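Participant: show me the folded form of this:
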Amino acid sequence: MPLKKAKIESLRKETEKLDFWKDQEKAKLVQKEIAELEKEIKAQSDFETEAQDLIELLDLMEKSRRPEGVGVPTEASGKTTRNFLKKFQKNSLRLKRGLKNTNLKFFLARNTTKITPL
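Facilitator: Residues are numbered from 1 along each chain as shown. Modelled structure (predicted):
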């Protein structure tokens, strides 16, 4: 992600030049590239958040299975392992679908426009 953020910063500096809009086609491509990179960063950030949520859910499930119940958050109290598994399956499927859709969108976007490689 740091490379993408640096690329966005570089492209934004280019848009601040006085003659940026002289070549409208190039200017549009630069603007489009910035938008695509921003979408990629957001998608990656969303994916990381979802993955972290699943890790935390697994941790709650593991803690709820301990006989002594030490360290079990109130939210997990009284919930069965089965409920956790259902929630985990639902979230992991949503995450998997989201990742597939995101990958497809970026693949298609990168193959239909001229975007400078990072």
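Participant: give me the number of residues near Lys35?
Facilitator: Actually, residue 35 is Ala rather than Lys. 12 (other C-beta atoms under 10 Å). Where C-beta positions appear, they are placed from N, C-alpha and C, glycine not excepted.
Participant: SS state for it?
Facilitator: helix (DSSP: H, G, I helix; E, B strand; the rest coil).
Participant: that one and Glu9, how far apart?
Facilitator: Distance, Ala35 to Glu9, by C-beta to C-beta, to the nearest Å: 15 Å.
Participant: same question for Glu50.
Facilitator: Distance from Glu50 to Glu9, by C-beta to C-beta: 27 Å.
Participant: compare these two (neighbour count), which wins?
Facilitator: Glu50 (17 against 11).
Participant: that one contacts Gly98, correct?
Facilitator: Yes - using C-beta atoms under 8 Å, Glu50 is in contact with Gly98, at 7.1 Å.
Participant: ok, Leu11 touching Ile34?
Facilitator: Yes - contact criterion C-beta under 8 Å: Leu11 and Ile34 qualify, at 5.1 Å.
Participant: quick one: mean pLDDT for stretch 2-22?
Facilitator: Average pLDDT, stretch 2-22: 93.
Participant: please read the previous query as pertaining to stretch 63-76.
Facilitator: Per-residue scores along stretch 63-76 average to 55.
Participant: then stretch 41-60?
Facilitator: 81.
Participant: buried ones in that stretch?
Facilitator: 43, 50, 54, 57, 60 (16 or more other C-beta atoms under 10 Å).
Participant: and Leu3, how far is that from Leu37?
Facilitator: In this view, Leu3 and Leu37 are 10 Å apart by C-beta to C-beta.
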